[in-house]
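Peer 1: Model the structure of this input:
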Amino acid sequence: MRLAIYTGIILAGGYTGLNPALAADPTGDWRVADGVANIRVAQCNGSMWGAVSWEKQPGGRDENNPDVSKKNRPTLAMPTLIDMKKKPGADQWEGQVYNAQDGQTYSATITPTGTDQLEIKGCVMGFLCGGETWTRVGPPIPLSPANAMAKGATKPAGAAPKAQGTQAAQQGPAGTTGATPPAPAAAAPKTAAAKPGQKGVADPVGDICLIPEIAGFAH
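Peer 2: Below is the predicted model:
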């Protein structure tokens, strides 16, 4: 049985210049075996998590989720690897994987195999296991206060604060009237979805540890 994590999106971008010393680091952006998805893996609250970090055709929805409240959630930034704990004495992490193709969650392991490959295996009730190997397309993600944060984030990384005008800003100097109000701020230009390693393009996902479903996970 082949483990299909996500369907309907195509990976873009690539990464080179890997260091052999990074062989046991599962963090970073990974291309799934059939090239249909890009999954970002990071350490959050002591566990490894993965989420869809790029999709060629925006607007995908988690239509097969059995939870009606999630059927309309975007597939971009959707968690796929869930609360994976390091196995003692081995470069392997154990947890769960969400398969958007059938809307089910399975027991799973991830194991770095070399400098640029990540083996993922999922099992149904401890047997009927299937797996595939992902290829690294982005560098490892260093641990930071953001992706080691405690529960309770209220918004994803990269959210721009709303501009707030004030009455004083629209008035002239004291004792004068008819002052010309400041010109409204220009709307931010739209940007294309980011490719791993691509410069000058906004990353629509950012730190996956700030995704509410990950940041607020109950341990």
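
Peer 1: Check whether residue 99 really touches residue 123, as I assumed.
Peer 2: No - using CB atoms under 8 Å, residue 99 makes no contact with residue 123, being 11.8 Å away. Yep, even glycine has a C-beta here, placed from its N, CA and C like the rest.

Peer 1: Return every residue with contacts to both of the two.
Peer 2: By CB atoms under 8 Å, 6 or more residues apart in numbering, residue 99 and residue 123 have these common neighbours: residue 106.

Peer 1: Could you report the neighbour count for residue 74?
Peer 2: Other residues lying near residue 74 total 14 when counted by other CB atoms under 10 Å.

Peer 1: Report the contact partners of it.
Peer 2: Residue 74 sits next to 59, 60, 61, 62 when contact means CB under 8 Å, 6+ apart.

Peer 1: If any of those residues are buried, give me the PyMOL selection for them.
Peer 2: Per 16 or more other CB atoms under 10 Å, the buried members of the contacts of residue 74 correspond to this PyMOL selection:
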select buried, resi 60+61+62
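
Peer 1: what's the closest of the contacts of residue 74 to residue 137?
Peer 2: residue 60 (19.2 Å; CB to CB).

Peer 1: In terms of pLDDT, where does the closest residue to the closest one other than its chain neighbours sit?
Peer 2: Spatial nearest neighbour of residue 60, excluding adjacent residues (CB to CB, 6 or more residues apart in numbering): residue 75 at 3.6 Å. For residue 75, the model assigns a pLDDT of 89.

Peer 1: Now for residue 75, how many residues are close by?
Peer 2: 22.

Peer 1: Check residue 123 too.
Peer 2: 17.

Peer 1: so what's it bridging to?
Peer 2: Taking DSSP bridges as the rule, residue 123 bridges to residue 107.

Peer 1: OK, contacts around it?
Peer 2: By CB under 8 Å, 6+ apart, the residues touching residue 123 are 106, 107, 108, 129, 130.

Peer 1: For the chain, just list every one of the helices.
Peer 2: 212-215 (DSSP state H).

Peer 1: could you pull out the strands for it?
Peer 2: Applying DSSP state E to the chain gives strands spanning 28-31, 38-44, 47-54, 79-86, 93-99, 104-112, 117-124, 127-136.

Peer 1: Can you lay out the ones you listed as TSV showing distance to residue 210 and mean pLDDT?
Peer 2: Formatted as TSV, those follow (distance: least, CB to CB, whole Å; pLDDT from 0 to 100):
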stretch	distance to residue 210	mean pLDDT
strand 28-31	16	94
strand 38-44	9	95
strand 47-54	10	94
strand 79-86	12	97
strand 93-99	19	96
strand 104-112	21	96
strand 117-124	22	93
strand 127-136	22	90
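
Peer 1: Out of those strands, which is closest to residue 202?
Peer 2: Closest among the strands of the chain, using CB to CB: strand 47-54, at 11.8 Å.

Peer 1: Direction included, what does that closest one pair up with?
Peer 2: Per DSSP bridges, strand 47-54 is paired in its sheet with strand 38-44 (antiparallel), strand 79-86 (antiparallel).

Peer 1: Just the CA atoms of the shortest one, as CSV, please.
Peer 2: Output in CSV follows, covering the C-alpha atoms of strand 38-44 (Å, rounded to 0.1, in the frame of the first residue of the first chain):
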residue,chain,number,x,y,z
ASN,A,38,5.9,20.1,-0.6
ILE,A,39,5.8,19.5,3.2
ARG,A,40,7.6,21.7,5.7
VAL,A,41,8.8,19.9,8.8
ALA,A,42,9.8,21.8,12.0
GLN,A,43,10.3,21.1,15.7
CYS,A,44,7.4,22.6,17.7
